[in-house]
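Chemist: give me a 3D structure for the following:
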Amino acid sequence: MNLILPDVKDDLYAYIRGIGREINAPVIEIGGVEDHVHVLFTLPRTLNLGEVVQNMKSGSSRFIKKKKPALSRDFAWQRGYGAFSAAPSTLDRTVQYIRRHEEHHRVQTFQDEYRAFLVKHGLAFDENYVWD
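Modeler: Next comes the predicted model:
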């Protein structure tokens, strides 16, 4: 759902950055659109990917519901998530992609982009389990 609106977006991103600092998974870049967020962070050696994502999703969900009580009934992150590694040599390109994300989604939906990404990289997927 399109619930990450301009009046909460910057505060949400700052809050997610704070979670990253707190758990030693510093956020390099964050951005997105009304229905999803991209977070580029450094994965600490003390946590696995699922723990970092869980911390960011649960903490930011509580934050949004507290900041915007009108969203408390509707707002939730989807159960799953997509995670991809970025080599140091691609960090600048990845940061630029995240920064231009809103512009990018004016021409291609997230779902179409994600499907194309999975196909391009030869990753098998089942539509029944990609979206919720």
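
Chemist: residue 20 and residue 34, how far apart?
Modeler: Noted for residue 20: a distance of 22 Å to residue 34, by Cβ to Cβ, to the nearest Å. Quick note: C-beta positions are derived from backbone N, CA and C, even for glycine.

Chemist: neighbour count for these two, which is higher?
Modeler: Ranked by neighbour count (other Cβ atoms under 10 Å), residue 20 and residue 34 place residue 20 first, with 22 against 13.

Chemist: regarding the chain, what is its longest helix?
Modeler: Taking DSSP state H as the criterion, the chain has its longest helix at helix 49-67.

Chemist: for that helix, which outside residues touch it?
Modeler: Here helix 49-67 makes contact (Cβ atoms under 8 Å, 6 or more residues apart in numbering) with 3, 8, 11-12, 15-16, 19-20, 23, 25, 39, 41, 43-44, 71-72, 75-77, 81, 83.

Chemist: so which bits of the following helix or strand past it are buried?
Modeler: Following helix 49-67 in sequence order, the next helix or strand is helix 91-99 (DSSP states H and E). Using 16 or more other Cβ atoms under 10 Å as the test for burial, helix 91-99 gives 94, 97-98.

Chemist: residue 118: which of these is nearest?
Modeler: residue 97 (16.2 Å; Cβ to Cβ).

Chemist: from residue 7, how far out is that closest one?
Modeler: Distance of residue 97 to residue 7, given as Cβ to Cβ: 25 Å.

Chemist: distance between the ends of stretch 117-130?
Modeler: Across stretch 117-130, the terminal residues are separated by 13 Å (Cα to Cα, to the nearest Å).

Chemist: oh, I was asking about stretch 78-88
Modeler: End-to-end distance for stretch 78-88, by Cα to Cα: 29 Å.
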